[in-house]
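J.: quick one, structure for this:
(chains A, B, C and D)
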Protein chains: 4
Amino acid sequence: MSHSTTNPSDVLALDSLLSEEELALREKVSDFTQQRIRPNIARWYEDAVFPREIVPELGELGVLGMHLEGYGCPGRSAVEYGLAAMELEAGDSGIRTFVSVQGSLAMTAIHKWGSEAQKEQWLPRMAAGELIGCFALTEPTAGSDPSSMTTFARRDGSGEDAGWVLDGAKRWIGLASIADVMVVWANTEDGIRGFLVPAGTPGVTATPIEPKLSLRASVQCDVVFDGVVLGAEALLPGAQGLRGLFSCLNEARYGIAWGAMGAARDSYEAALDYAGTRLQFGKPLAGYQLTQEKLVNMLLEIQKGTLLALHLGRLKDAGHLQPQQISVGKLNNVREALKVAREARTILGGNGITLDYSPLRHASNLESVRTYEGTDEVHTLILGQHITGVAAFR
Amino acid sequence: MSHSTTNPSDVLALDSLLSEEELALREKVSDFTQQRIRPNIARWYEDAVFPREIVPELGELGVLGMHLEGYGCPGRSAVEYGLAAMELEAGDSGIRTFVSVQGSLAMTAIHKWGSEAQKEQWLPRMAAGELIGCFALTEPTAGSDPSSMTTFARRDGSGEDAGWVLDGAKRWIGLASIADVMVVWANTEDGIRGFLVPAGTPGVTATPIEPKLSLRASVQCDVVFDGVVLGAEALLPGAQGLRGLFSCLNEARYGIAWGAMGAARDSYEAALDYAGTRLQFGKPLAGYQLTQEKLVNMLLEIQKGTLLALHLGRLKDAGHLQPQQISVGKLNNVREALKVAREARTILGGNGITLDYSPLRHASNLESVRTYEGTDEVHTLILGQHITGVAAFR
Amino acid sequence: MSHSTTNPSDVLALDSLLSEEELALREKVSDFTQQRIRPNIARWYEDAVFPREIVPELGELGVLGMHLEGYGCPGRSAVEYGLAAMELEAGDSGIRTFVSVQGSLAMTAIHKWGSEAQKEQWLPRMAAGELIGCFALTEPTAGSDPSSMTTFARRDGSGEDAGWVLDGAKRWIGLASIADVMVVWANTEDGIRGFLVPAGTPGVTATPIEPKLSLRASVQCDVVFDGVVLGAEALLPGAQGLRGLFSCLNEARYGIAWGAMGAARDSYEAALDYAGTRLQFGKPLAGYQLTQEKLVNMLLEIQKGTLLALHLGRLKDAGHLQPQQISVGKLNNVREALKVAREARTILGGNGITLDYSPLRHASNLESVRTYEGTDEVHTLILGQHITGVAAFR
Amino acid sequence: MSHSTTNPSDVLALDSLLSEEELALREKVSDFTQQRIRPNIARWYEDAVFPREIVPELGELGVLGMHLEGYGCPGRSAVEYGLAAMELEAGDSGIRTFVSVQGSLAMTAIHKWGSEAQKEQWLPRMAAGELIGCFALTEPTAGSDPSSMTTFARRDGSGEDAGWVLDGAKRWIGLASIADVMVVWANTEDGIRGFLVPAGTPGVTATPIEPKLSLRASVQCDVVFDGVVLGAEALLPGAQGLRGLFSCLNEARYGIAWGAMGAARDSYEAALDYAGTRLQFGKPLAGYQLTQEKLVNMLLEIQKGTLLALHLGRLKDAGHLQPQQISVGKLNNVREALKVAREARTILGGNGITLDYSPLRHASNLESVRTYEGTDEVHTLILGQHITGVAAFR
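T.: Below is the predicted model:
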């Protein structure tokens, strides 16, 4: 362990809390971001395309389903997963979002509740980045309330071999239009169940939502299921009710708490670098009190948020992490990251509105990140109920 | 005058402070925004094009150089100009920016300091929207410091008829690539002077700055002057030194203080409308305390900012408006408008990141608006000097 | 009218909106504050005493019931009342609070709903500062909800001459322990009614609430009514139901919107003065960017709040002021005044915690002011209902 | 270690990061606060007295010079010292301030730079609470700039036995009027040196600064040194220059970062308790969205600040803590604690202005705490220099 504090982004020497293995993993992912994301992200973002070509590279990097064991998955720790999310989102939230959808949502669902056959069919190739998965939960009129789900799967026939017919609509489904397999959540006579729907199944239509002002290097879709006929083997046998579903969401939220700090740190570093070289009245911006105040306040929030994420990661690796603790991380870290990115952008002056600099892109992306997997208000009220014992959702 | 307060966006009955003529003008511009801007702005913004086709329509609407007298200009009051700016920016900051550049900057410069021949040549067709003007002041390395201008015009020959040769570079010049005439500011042996440079003059290159994440329905350019030969008649005879230049900036800043409130109000109204219809747990969002808190705080800032803008307008029409008062308006109203737009966007949930709703587009635009014509920091220090008597710029 | 802007506290030239009479009234009250309040307030505050000796002086100054006509009252305009409140609260919120309780609450109640005999008995001597009145509405368990009032007055006998027996408890009743007459609100079989209870009536006990950390130069009491026998003439004939009661509250809230700006301005001026003379590293504090940023943001809020108060005053004098508009003023101006006082205090360094400087005393006082006559939350939800049409109180 | 999260003040299970010994120490100090401080603090605060009688009890509790080894000192870890500071400040900042002045400043100075004779003379009885020490550094006109110190000690005679004559003035010296010994910092011909000045030395006058609105249960003094004759043995032999002095300040700042979180947590718990029992419209305050939002945001800051303090403590116990890291803790934790205390106070409504509830007292105290040992601005600029490499103090 090293206690050097010469890195101005690590004033609190948080690196000293990481093992050699963790530092090595982080550096490997950071290199990927530097070489594959940063040189291309402005173009991807402006053109509003998801760079499908990097999916196998992410597989090779070992970040797809990285916290899962077996079936070709890397089996890394929660902290390592968090560090990877942070470094990827230092590149772009859209890329980290893909990794979350693929690993925390789709692969986790299959890994937790899939049959042996389902796991073997999908997980190894998803881990390798050969196949893309998505996770169809949110519906157009019920962002924060899975209990009001109207997508319905009715039994098609009777007996053990009876299949299903699926009808309904989903919205904000990441990667749906390019996914090879969808994990779809639907109401049934027995409550909420999960299904695996391969690409090309008749009756499924996925339409990208556009134009949009956030996560432009990613894809979110409206998906319609119109009399989709599924075989009995489409059912995820282990997933029943909201509890299972929420455990996937918690996986994703955990990664977001880390990822947001990556976007924040990259914004801060862009501003710090600019402030050190841009002259105003013959002096670098970094020498002015108003600029230092901004930089210091940014750094404080990044360091506190990172320390928080690491604490959550250690709890998770110890098997003690609670949902309300994840709410603390998601709420705090995304909210603070957004403030940091916005503040960083002001240091860049007019240049800050171009795609040559990352902060405004990060800030725009974080508008999505603060919304998905529970808005500020949802997590506030989850925590409010936890500490007061009284629900105030309605 | 009417004192009705049934309009929830006018809880303070600010309309009661406006004359019938002012209300009529406002409604006329508001109709234009509704019919010509709102139906098209998402496409213009996504495609990153300035809708040149509406320039003559804006001329017909009477908003180009609208506060100027004679030479085909409308000759309206400062308050009326402000109301028009507010309604146009309720459509999009990029459109209002065009009107500011054309009217407050280019036309005002010609009107104030031009020769009779220059005024007659340019102003009537600019007021009509047949010609577009731009205003080349800012340089790549000196956003907030015109005194360090390096663009230079040297005398080309001697005597009264001697022309000029212009060399240098400008940045963030709105409309430069499509302008018919540029007002260019350059250092000379006699200090800073202004020149009129028609489109097509050899040695002038204007390159749009892109891709960008703000004001996408407008154009800002890098402009290079490489040995540009100008005749003696290119000089604006009346403009000498920084004082003249600042009076144009103050015209523009005044309009911005109004315009920003338009973007804020439109954001608020979009959120209020959404909150009234979107259901959560079976109740409209508008019925929740957390939503009402946001809406109320937004409305308060909009009303205070509008009252402030109107106060500035009345001072201006009375001939009493001081530069530091304009700084109050620019600083406060853009800063608060940005907060309002960001807060409005959160009420829209995931839908708020699409171009179907205005708040995130407004928030993105206001990133430019807060930067041009003096950042928050510049106006803070202008005001700081005014109230303490001590300069803290350096 | 003057448009000079040399006063750094009036950067927006708001004085130019006031008439000569208004300016003269303001100066007269300002002189009183300077001569009678400022030299003594530290002692009064530390000793936690209300300076009863200044009550007749306030009567002579013409600020007790100043907006009322006849019965010895000054009959000044709403704007003039507001200006007086601002100047008095520039001295101390406790003094302004006394003036509000005496004039806006007790005297207004008698003036609006009293019999001719009641008006003649009480108003002239209250206007002169010979008698002190108070207003007993709030109950210990129902700060924001007069409809749940449990103090009860039952008929004592029958017929027109039947008196009353009053039982119950009130809390936070300003001046109750030194008042000559209480306006008491109680439920009856016919709904809420008001009563005049002279000092010394058997069964009434008023106990000052102490120790306290706010409004120490004023007195608030717990009041108990234990079988208090009142004659028929104690009833205020005109006051019936909540509507009458709310009109008194609105009078007081209107004055608070002005008064709070006085406390804010005095805090700002104390900080500005200190910053101009206190040296740090050999330079006055006022010359540092971080100090200027604070001062400028303070001044902006003070000027906007004052402009708002004046707008409300003009509406009131024109007979158009609506309750929700008063909520805007009370909510915004007290909230911002508190922020200003807190920020001003930071400029004073360690010296700012002594009673030699006003900002921390103002900030402490404003803790009460933000609470009484409707907390931030109450006014937020009043306004939320106004703009959305949906109540979210419960 | 326990991972229970049933304590709503420990949603992040930070207790699981503490050892049994640390938890036991914390509980012991917490019991002291509950039994000795809470029942009496309102009276001490209102009467503006420092409760000298608890000093020996604090000695017995083992919190005076608790991080020092030998000479009767407890020799506890930095984390344990922090936990004690947190629990004491949960009682009152004034009590924790005494412990800081005694232990972190006076005793640390003697322990680090005193002669063997000085250590043996003073430390055991100071650790036992039999004697009180103080630390005279700050001067009236140089709050943040020890380098401009004007208090001067000149040699009185020559040779090794030559004594000193001390002249000058100090301000904001905690406990000076009741201290048994002062550690006094003065300029000399050889730079800044420290001296031990026993109570009763002729020429020393200590006058409490009052009345004040903060830390009323503590004492701060103006101290004048007028030709104070000291023997050669008064000199602290090891202390020379600013470096030694700063190491004492860093000890104190470290404890403040913990202590502030105690004041914040106590404020939060008071508000949470009140919100759970106080009814509004028949429902506990805790059931309203606006209340939950406040409580959740308070808790988040408390938890982050506590996690930060613990991280600093672990670095300190490992010998790695850097001054800029302490600046992060002091700046962040006091600033956030003040926000929390202010927000907590709003939940208490009118009752929150009395001394029956702790939040407004804590908020008032924290006004001092944010100022002493470096204001927000000082620590911001320290950190600004650290991360940019450019000083912006002047």
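
J.: give the closest residue to A:D180 in space, chain neighbours not counted.
T.: Once flanking residues are discounted, A:D180 sits nearest to A:L131: 4.1 Å by Cβ to Cβ, 6 or more residues apart in numbering or on different chains. The C-beta positions use only the backbone N, C-alpha and C, and glycine is treated the same way.

J.: per-residue pLDDT of that neighbour, please?
T.: At A:L131, the pLDDT value in this model is 98.

J.: SS state for it?
T.: Here A:L131 is recorded as coil under DSSP: H, G, I helix; E, B strand; the rest coil.

J.: with A:V165 instead?
T.: In three-state terms, and counting by three-state DSSP, A:V165 is strand.

J.: ok, the one 3 residues further on next?
T.: Assigned with three-state DSSP, A:G168 falls in the strand class.

J.: the residue in the stretch 251-394 of chain A that chain C sits nearest to: how many residues sit nearby?
T.: Here the stretch 251-394 of chain A gets closest to chain C at one residue, A:Q289, 3.9 Å apart by Cβ to the nearest Cβ. Number of residues near A:Q289 (other Cβ atoms under 10 Å in any protein chain shown) recorded here: 21.

J.: give the contact list for the closest residue to it other than its chain neighbours.
T.: Leaving aside its sequence neighbours, A:Q289 sits nearest to C:Q289 (Cβ to Cβ, 6+ apart; 3.9 Å). Listed by Cβ atoms under 8 Å, 6 or more residues apart in numbering or on different chains, the contact set of C:Q289 reads A:288-290, B:381, B:384, B:392.

J.: residues contacting A:W258?
T.: With Cβ under 8 Å, 6+ apart, A:W258 has these contacts: A:81-83, A:85-86, A:89, A:309, A:313, A:333.

J.: can you tell me which of those residues is closest to B:S16?
T.: A:N333 (46.5 Å; Cβ to Cβ).

J.: which of the three states applies to that closest one?
T.: Of the three states, A:N333 takes helix according to three-state DSSP.

J.: okay, strands next: where are they in chain A?
T.: Assigned by DSSP state E, the strands in chain A fall at A:69-70, A:73-74, A:133-136, A:152-156, A:163-174, A:181-188, A:191-198, A:204-208, A:220-230, A:235-240, A:279-280, A:283-284.

J.: A:L338 is in contact with A:A363, isn't it?
T.: Yes. Assessed by Cβ atoms under 8 Å, A:L338 is found in contact with A:A363 at 6.2 Å.

J.: settle it for me: which of those two has more neighbours?
T.: Legend: neighbour count by other Cβ under 10 Å for A:L338 and A:A363, higher for A:A363 (28 against 24).

J.: would you mind listing what in chain A touches chain C?
T.: Residues of chain A lying close to chain C (Cβ under 8 Å from any Cβ of the partner chain) are A:288-290, A:293.

J.: now tabulate those residues in JSON lines and tack on pLDDT.
T.: Formatted as JSON lines, those follow (pLDDT from 0 to 100):
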{"residue": "A:Y288", "pLDDT": "97"}
{"residue": "A:Q289", "pLDDT": "98"}
{"residue": "A:L290", "pLDDT": "98"}
{"residue": "A:E293", "pLDDT": "98"}
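
J.: between those, which has the most around it?
T.: Most surrounded of the residues of chain A next to chain C: other Cβ under 10 Å gives A:Y288, at 24 neighbours.

J.: for A:P211, give me phi and psi.
T.: Note on A:P211: its backbone torsions stand at phi -80, psi 150 [degrees, to the nearest 10].

J.: if I look at the residue nearest to it when sequence neighbours are not counted, how far off is chain D?
T.: Of all residues not flanking A:P211 in the chain, B:E46 sits nearest, at 3.9 Å (Cβ to Cβ, 6+ apart). Note on B:E46: its distance to chain D, by Cβ to the nearest Cβ, to the nearest Å, is 35 Å.

J.: next up, the contacts around B:E46.
T.: By Cβ under 8 Å, 6+ apart, the contact list for B:E46 reads A:211, B:216, B:355.

J.: so how far is B:I95 from the nearest residue to the last one once chain neighbours are set aside?
T.: The spatial neighbour of B:L355 that comes closest, neighbours along the chain excluded (Cβ to Cβ, 6+ apart), is B:A42 at 3.9 Å. Computed as Cβ to Cβ, to the nearest Å, the B:A42 to B:I95 distance reads 13 Å.

J.: out of the two, which sits in the busier spot?
T.: Ranked by neighbour count (other Cβ under 10 Å), B:A42 and B:I95 place B:I95 first, with 28 against 18.

J.: so the more buried one touches B:I37, yeah?
T.: Yes. Contact status for B:I95 versus B:I37: in contact at 5.9 Å, counting by Cβ under 8 Å.

J.: find the residues that touch each one of the two.
T.: Applying Cβ under 8 Å, 6+ apart, one finds that B:I95 and B:I37 are jointly contacted by B:54, B:88.
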